[in-house]
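*Asks:* 3D, please:
(2 chains)
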There are 2 protein chains.
Amino acid sequence: MGSLDRNPASFDAFAADAEGFQALNAEDVRSYLHKSVDFIYDYYKSVESLPVLPGVEPGYLRRLLQSAPPSAAAQFDIAIKEIRDAVVPGMTHWASPNFFAFFPATNSAAAIAGELIASAMNTVGFTWQANPAATEMEVLALDWLAQLLRLPESFMMMNRTGARGTGGGVILGTSATSEAMLVTLVAARDAALRRMGSNGVAGITRLAMYAADQTHSTFFKACRLTGFDPANIRSIPTGPETDYGLDPAKLLEMMKADVATGLMPTYVCATVGTTSSNAVDPVGAMADVAALFGAWVHVDAAYAGSACICPEFRHHLDGVERVDSISVSPHKWLMTCLDCTCLWVRDAHRLTDSLEISPEYLRNAVTDSGGVTDLKDMQVGVGRRFRGLKLWMVMRSGKMYLAHTVIGSKFVLRFAVGSSLQEERHVRSAWDLIGKTTTEIMEGKMRVQVCTDCSDMFLQILDLEE
Amino acid sequence: MGSLDRNPASFDAFAADAEGFQALNAEDVRSYLHKSVDFIYDYYKSVESLPVLPGVEPGYLRRLLQSAPPSAAAQFDIAIKEIRDAVVPGMTHWASPNFFAFFPATNSAAAIAGELIASAMNTVGFTWQANPAATEMEVLALDWLAQLLRLPESFMMMNRTGARGTGGGVILGTSATSEAMLVTLVAARDAALRRMGSNGVAGITRLAMYAADQTHSTFFKACRLTGFDPANIRSIPTGPETDYGLDPAKLLEMMKADVATGLMPTYVCATVGTTSSNAVDPVGAMADVAALFGAWVHVDAAYAGSACICPEFRHHLDGVERVDSISVSPHKWLMTCLDCTCLWVRDAHRLTDSLEISPEYLRNAVTDSGGVTDLKDMQVGVGRRFRGLKLWMVMRSGKMYLAHTVIGSKFVLRFAVGSSLQEERHVRSAWDLIGKTTTEIMEGKMRVQVCTDCSDMFLQILDLEE
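*Replies:* Numbering: from 1, shown residues only, chains lettered A, B, ... in the order given. Sure thing, here's the model as predicted:
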């Protein structure tokens, strides 16, 4: 056995019971987890009464908890007590019904249960063989969600008759839609380089990418990560005349101008529900423009995509049958705890051609038969948890679908309604506060310290209360 | 409210109770989660008796579960029953003490509890302000682990006196070490382009990357993702004379040759515990060679890094004070359920310079003060769960550290010992089976169908038993 006693963080306390050590004792698991569930119940019952934004200073936690690793194992109850006393008071409570910032990170009992079971099973489903149930559950959950969104069958791994299609889906491990953009950018980049007959990546300086100026900043980051030339990343101006959605005429004009200077339009990102203003780009019209140049079209529907399950919002996805890929994040409006970003592509091979790696120790007969999809070939990394379970459980407890429908009330994003514990009274109360405060500011009755770097109305209001 | 009734996957059944819908009911949460805990307990008590590798065919799950989304919400008990009856029989049981394939995905009650609480809190800690406790807990857990590994203080966010250092750490959302490689490759790439005065990314074709041929395939994938020229990615041959570790003389020779042809050595990956053979590259010697060319050195200690907590293995990290970054995955040997890859960098700014994005809605006074680290700037994506909690809880229940020490017994990786439920008898039993089978094959008493694409001995043995 290895030893620990010469480590400066001394472990003398363990020497005595090291022989009887059992890493994962089922009785401990049951006991710890039941206690955790009761802690969570208490948290949910009290969260409404907690201040949404904590009044802590940077470094506060280290002053409350020990800064060096402990030399003896703590009782589980002590760790829970430290979470209650030190962690909870320093949290921004996204679960609070009084939270209206950023976006609603919705959640449900079914999703938490699915994540819990996945944590306990703790499998690594890089290939079908490494955990058949995990891969098949993920494919099934994605096909269910695709059906709810009425995505064309071309995006599904299995069509309704059970035959294997050319499409494919994957649940990515990141929140926001960053990884979905990254992997599709890579596929589009490599396809464009092949098309121009580039010598290695030499042609990368000629590739151009397009998105509206309301597009999530992670798009511009992903372009940089994948090696595109910053000078060729186009941010197309939008304005109130299109409700901040992209104007396809401007896109066409810009692409033509780029081609005239020797660039190759490679990738267009259309957003359904931008993060800062909830603008919607015209998916079909952008696909038509992009088709003139053979550019990849990705639809980032991370934020508002879930709403398109409702028939009256589905038109925002019109034309999706002509795009190459689409991503939706059920952890935003679809009651699924983080992380859960779903990506579908119309031609799975265009993605796996760029992302596939097959080291010897992962090769197996089932993969070589071509009869299964190894989800490692549709993501950045290799390993992956049992990601499909929680999403499947949310849909199996189908009631959850209804909650996202509050988007019909047209609140702007900076006042983001829809968190799982929110009721109408929380919204009304916050709205009254905003109205009252705004009136007092307008009437000059209140002096307000407005930081120009504090764009979040919610945060400003809290500052006023202090 | 939005409606669902015109969707082909009809939701008539919900119409009646839509008014009373509550997305996240604390009573439901408590009830579902307690049931899930009991399910997990039963699973752990029975997993040893289940076949490790399931005898299912591709597509099995869709035949057992409905292929279209349900039109009515199922009772939670029904979902659990479907998991028990349909999911469990199709799983490769990584948690089984009879599992010796790939690598041990170790786990602990504390880690599962930490992940559970994080799922319920469901916060998105992109910035310090978006959840101070989550950011501070992650920094604290990383600093604790850095102390246990005796990493130099230059890698820590806070030194032992509590002052802010130049280093930094982040827990990444991917398993394997893929994202750690990707983000450090981007930082190294951008630094090299700046150093050579490249016009945009034009110089990217001149950058060269180096690793031993035993390096995880995800390194070569990450190089491709980040836009490097495949022709410049060097895989340096190793052999038994160095126990498959990299020979620094060969590295020097190859770098010199590349410089002679106009290339710029940019990134060197040293591995402590390669995935296929558990080889260890000489960290210090590689850092010395790389320094001659100003190349970034990353230590991928995802697999065996945890063992370096033990003093007798710590020498494998000798020289780490001269590298730029190091990653360790506690979800392998450190009893922390997936995903949990820790990355430390010596100069955090070299990473954040390439990865930082600050859209208006994320700007805030605390970030602008420079007094905090926004972890979004050290990863691919923007959003992130409360990642530090489970790792902190594992260390707070400090007993867990002991389990990785079985590496001293020198099993080769293809027979990977160390899963959380494993005891000596499981290893002995499997070893006896391997010995018996091998003998019978050698004596010609048994005809074995050995697939050349089945490199995993564990899988072969199961095939023989059928």
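*Asks:* Pass me the low-pLDDT residue ranges in chain A, would you?
*Replies:* For chain A, the stretches with pLDDT under 70 are A:1-23, A:159-160, A:162, A:174-176, A:359-361, A:398-420, A:441-442, A:444-466.
*Asks:* for it, what spans make up the strands?
*Replies:* In chain A, the strands defined using DSSP state E lie at A:168-172, A:207-212, A:233-236, A:264-271, A:296-300, A:325-328, A:341-345.
*Asks:* Mean neighbour count and distance to chain B for the ones you listed - can I get that in a markdown table?
*Replies:* For the C-beta atoms, the positions are set from N, CA and C on the backbone; glycine is no exception. Shown next, in a markdown table, are these (neighbours: other C-beta atoms under 10 Å in any protein chain shown; distance: least, C-beta to the nearest C-beta, whole Å):
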| stretch | mean neighbour count | distance to chain B |
| --- | --- | --- |
| strand A:168-172 | 28 | 9 |
| strand A:207-212 | 27 | 10 |
| strand A:233-236 | 18 | 11 |
| strand A:264-271 | 27 | 13 |
| strand A:296-300 | 27 | 12 |
| strand A:325-328 | 30 | 12 |
| strand A:341-345 | 29 | 9 |
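*Asks:* Which among those strands is found nearest to residue A:155?
*Replies:* Closest of the strands of chain A to residue A:155 is strand A:341-345, at 4.1 Å (criterion: C-beta to C-beta).
*Asks:* In the sheet, which strands lie alongside the closest one, parallel or antiparallel?
*Replies:* strand A:168-172 (antiparallel), strand A:325-328 (antiparallel) (DSSP bridges).
*Asks:* Report the distance from that strand to the chain centre.
*Replies:* 10 Å (C-alpha atoms, centre = their mean, to the nearest Å).
*Asks:* Can you check what angle separates it from strand A:296-300?
*Replies:* Strand A:341-345 and strand A:296-300 are oriented at 150 degrees to each other (axes from the mean of the first three to the mean of the last three C-alpha atoms, to 10 degrees).
*Asks:* what's in contact with strand A:341-345?
*Replies:* A:142, A:145-146, A:151, A:155-156, A:167-172, A:174-177, A:179-180, A:183-184, A:187, A:302, A:324-331, A:351, A:378, A:391 (C-beta atoms under 8 Å, 6 or more residues apart in numbering or on different chains).
*Asks:* cutoff 6 Å now
*Replies:* Defining contact as C-beta atoms under 6 Å, 6 or more residues apart in numbering or on different chains, one finds that strand A:341-345 is touched by A:142, A:155, A:168-172, A:177, A:180, A:325-329, A:351.
*Asks:* between those, which is closest to residue A:131?
*Replies:* residue A:171 (13.8 Å).
*Asks:* pretty sure the closest one is touching residue A:385, no?
*Replies:* No - in this structure residue A:171 lies outside contact range of residue A:385 using C-beta atoms under 6 Å: 9.6 Å.
*Asks:* still on that earlier bit, how about the strands paired with strand A:341-345, which one is nearest residue B:316?
*Replies:* Across the strands paired with strand A:341-345, residue B:316 has its closest neighbour in strand A:168-172 (32.7 Å, C-beta to C-beta).
*Asks:* In stretch A:217-230, which residues are buried?
*Replies:* For stretch A:217-230, burial by neighbour count (16 or more other C-beta atoms under 10 Å in any protein chain shown) applies to A:217-229.
*Asks:* quick revisit: how about a markdown table for the strands of chain A, with distance to residue A:34 added?
*Replies:* Listed next are the strands of chain A as a markdown table, based on distance: least, C-beta to C-beta, whole Å:
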| stretch | distance to residue A:34 |
| --- | --- |
| strand A:168-172 | 29 |
| strand A:207-212 | 48 |
| strand A:233-236 | 51 |
| strand A:264-271 | 43 |
| strand A:296-300 | 40 |
| strand A:325-328 | 34 |
| strand A:341-345 | 31 |
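*Asks:* Tell me which of those sits nearest to residue A:86.
*Replies:* Nearest to residue A:86, of all the strands of chain A, is strand A:341-345, at 31.0 Å by C-beta to C-beta.
*Asks:* For the closest one, output the C-alpha coordinates as CSV.
*Replies:* Extracted in CSV, the C-alpha atoms of strand A:341-345 (Å, rounded to 0.1, in the frame of the first residue of the first chain):
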residue,chain,number,x,y,z
THR,A,341,-27.0,20.8,-24.2
CYS,A,342,-28.4,18.8,-27.0
LEU,A,343,-26.9,18.9,-30.5
TRP,A,344,-28.3,17.4,-33.6
VAL,A,345,-26.6,17.2,-37.0
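*Asks:* Sketch out the helices for the stretch 151-300 of chain A, chain order is fine.
*Replies:* Ranges of helices within the stretch 151-300 of chain A are A:178-195, A:217-225, A:248-260, A:283-291, based on DSSP state H, counting those that start in this stretch.
*Asks:* quick one, the second one and strand A:296-300 angle?
*Replies:* So the one you mean is helix A:217-225. The directions of helix A:217-225 and strand A:296-300 differ by 140 degrees, with the same axes, to 10 degrees as the criterion.
*Asks:* The longest one now?
*Replies:* Note on geometry: by the same axes, to 10 degrees, helix A:178-195 and strand A:296-300 are set 170 degrees apart in direction.
*Asks:* Quick one: list the elements packing against helix A:178-195.
*Replies:* Helices and strands touching helix A:178-195, by 3 or more C-beta pairs under 6 Å, 6 or more residues apart in numbering or on different chains; DSSP states H and E, are helix A:217-225, strand A:264-271, helix A:348-355.
*Asks:* Residue A:285 - how many residues pack around it?
*Replies:* Neighbour count for residue A:285, taken as other C-beta atoms under 10 Å in any protein chain shown: 19.
*Asks:* Skipping adjacent residues, who's closest to it in space?
*Replies:* Spatially, and ignoring its direct neighbours in sequence, residue A:285 is nearest to residue A:248 (4.0 Å; C-beta to C-beta, 6 or more residues apart in numbering or on different chains).
*Asks:* do you know how far that neighbour is from chain B?
*Replies:* 24 Å (C-beta to the nearest C-beta, to the nearest Å).
*Asks:* Contacts only, for that residue.
*Replies:* A:282, A:285-286, A:289.
*Asks:* one more time with 8 Å
*Replies:* Contact partners of residue A:248, counting by C-beta under 8 Å, 6+ apart, are A:282, A:285-286, A:288-289.
*Asks:* before we move on, what about residue A:355?
*Replies:* Residue A:355 sits next to A:183, A:186-187, A:377-380, B:221, B:225 when contact means C-beta under 8 Å, 6+ apart.
*Asks:* Could you dump the residues you listed into a markdown table and include distance to residue A:344?
*Replies:* As requested, those are exported to a markdown table (distance: C-beta to C-beta, whole Å):
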| residue | distance to residue A:344 |
| --- | --- |
| A:183 | 12 |
| A:186 | 17 |
| A:187 | 13 |
| A:377 | 15 |
| A:378 | 10 |
| A:379 | 13 |
| A:380 | 17 |
| B:221 | 21 |
| B:225 | 20 |
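*Asks:* out of the residues you listed, which are buried?
*Replies:* Buried among these by 16+ other C-beta under 10 Å: A:183, A:186-187, A:377-380, B:221, B:225.
*Asks:* so what's residue A:85 up against?
*Replies:* residue A:64 are the contacts of residue A:85 under C-beta under 8 Å, 6+ apart.
*Asks:* Distance-wise, check it relative to residue B:113.
*Replies:* Counting by C-beta to C-beta, to the nearest Å, the gap from residue A:85 to residue B:113 is 17 Å.
*Asks:* tell me the contacts of whatever residue of the stretch 201-350 of chain A ends up closest to chain B?
*Replies:* Across the stretch 201-350 of chain A, no residue is closer to chain B than residue A:227, which sits at 1.9 Å (C-beta to the nearest C-beta). Residue A:227 makes contacts with A:189, A:201, A:204, B:189, B:201, B:204, B:226-228, as judged by C-beta under 8 Å, 6+ apart.
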